[in-house]
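In: sharing a sequence plus its predicted fold:
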Amino acid sequence: MAETTYYKDKMYVPREIKEKLGLVDGDKLEIEIVDEGEARLRVVRKMDATDRLLRWLDNPPSLGEIKGGLTRREIYEDHP
């Protein structure tokens, strides 16, 4: 385990953690809040556009709900 300090809206990853995770330039870190005061960190390797698209298709973002809902007919039907 290692610790770091949150300072001026930034969090720095200690060198020993960077090395153990094998972080390289372009990698991203996903942080998931699992409980109050507890988070899970995951390394997302640098990806090209195709890899990003495939990942997005596997786990699309939530686009929210349409209030009141629309039927398929209302969406696709041409209205004057």
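Out: Yep, that arrived.
In: by residue count, which helix of this protein is the longest?
Out: Using DSSP state H, we find that the single longest helix of the chain is helix 49-58.
In: ok now it, how far from the chain's centre?
Out: 12 Å (Cα atoms, centre = their mean, to the nearest Å).
In: stretch 35-54 too?
Out: 5 Å.
In: tell me which residues are up against it.
Out: Residues from elsewhere that reach stretch 35-54 (Cβ atoms under 8 Å, 6 or more residues apart in numbering): 21-34, 55. C-beta coordinates here come from the backbone N, C-alpha and C atoms, glycine included.
In: number of residues surrounding Leu23?
Out: 16 (other Cβ atoms under 10 Å).
In: now do the SS call for it.
Out: coil (DSSP: H, G, I helix; E, B strand; the rest coil).
In: check it and give its pLDDT.
Out: Note for Leu23: predicted pLDDT of 84.
In: any idea which element the nearest residue to it once chain neighbours are set aside lies in?
Out: Take Leu23 and drop its neighbours on the chain: the residue closest to it by Cβ to Cβ, 6 or more residues apart in numbering is Val43, 6.6 Å away. Using DSSP states H and E, Val43 falls within strand 38-44.
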